[in-house]
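Student: this one's sequence-less:
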């Protein structure tokens, strides 16, 4: 039997039996493939996380994942926060959704 809330690269550990009501991101799901859903969310700068029903086998990207509610059979994943680093010649850079962005 598969793990209810498997770890996903690029996402913080999932909150088991949790969801964020509303704030679905139609451009990222719904999907019946967790790996494809995670990849689509990771690439989207609008996607802050995703919810996955391990009992129903489907999920959707979320614009917001901060408020959590109890949802038996679901996992709520939050995207890892962007990494900020000093860039070249005083520029600030961040790595977000697999893209390097610099300013300054």
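Tutor: Sure, I can see it. Everything numeric here is computed off the predicted structure, so don't read it as measured data.
Student: Check the nearest residue to residue 58 once chain neighbours are set aside and give its pLDDT.
Tutor: Using CB to CB, 6 or more residues apart in numbering and skipping the chain neighbours, the partner closest in space to residue 58 is residue 32 (5.0 Å). Glycine gets a C-beta too; all of them are placed from N, C-alpha and C. Residue 32 carries a pLDDT value of 94.
Student: Can you give me the neighbour number for residue 32?
Tutor: The number of residues packed near residue 32 is 12, by other CB atoms under 10 Å.
Student: do residue 14 as well
Tutor: For residue 14, using other CB under 10 Å, the count is 23.
Student: which ones are touching it?
Tutor: 5-8, 52, 75-77 (CB atoms under 8 Å, 6 or more residues apart in numbering).
Student: Those residues in strands, which ones?
Tutor: Mapping those onto strands (DSSP state E) picks out 52, 75-77.
Student: ok, which pair from those residues is furthest apart?
Tutor: Farthest apart among the ones in strands among the contacts of residue 14 by CB to CB are 52 and 76. That separation is 8.1 Å.
Student: list the contacts for residue 73?
Tutor: 17, 53-56.
Student: In which helix or strand does it reside?
Tutor: Per DSSP states H and E: residue 73 is located in strand 69-78.
Student: Can you tell me the strand partners of that strand and which way each runs?
Tutor: According to DSSP bridges, strand 69-78 forms sheet pairs with strand 15-19 (antiparallel), strand 49-53 (antiparallel).
Student: For the last one, the averaged confidence score.
Tutor: Read it as strand 49-53. On average, strand 49-53 scores 94.
Student: Name the next helix or strand following that strand along the chain.
Tutor: strand 58-62.
Student: From the contacts of residue 73, list the buried ones, please.
Tutor: For the contacts of residue 73, a burial check counting by 16 or more other CB atoms under 10 Å picks out 17, 53-54.
Student: for the residues you listed, which one is nearest residue 68?
Tutor: Distances from residue 68 to the buried ones among the contacts of residue 73, taken by CB to CB, are shortest for residue 17, at 9.8 Å.
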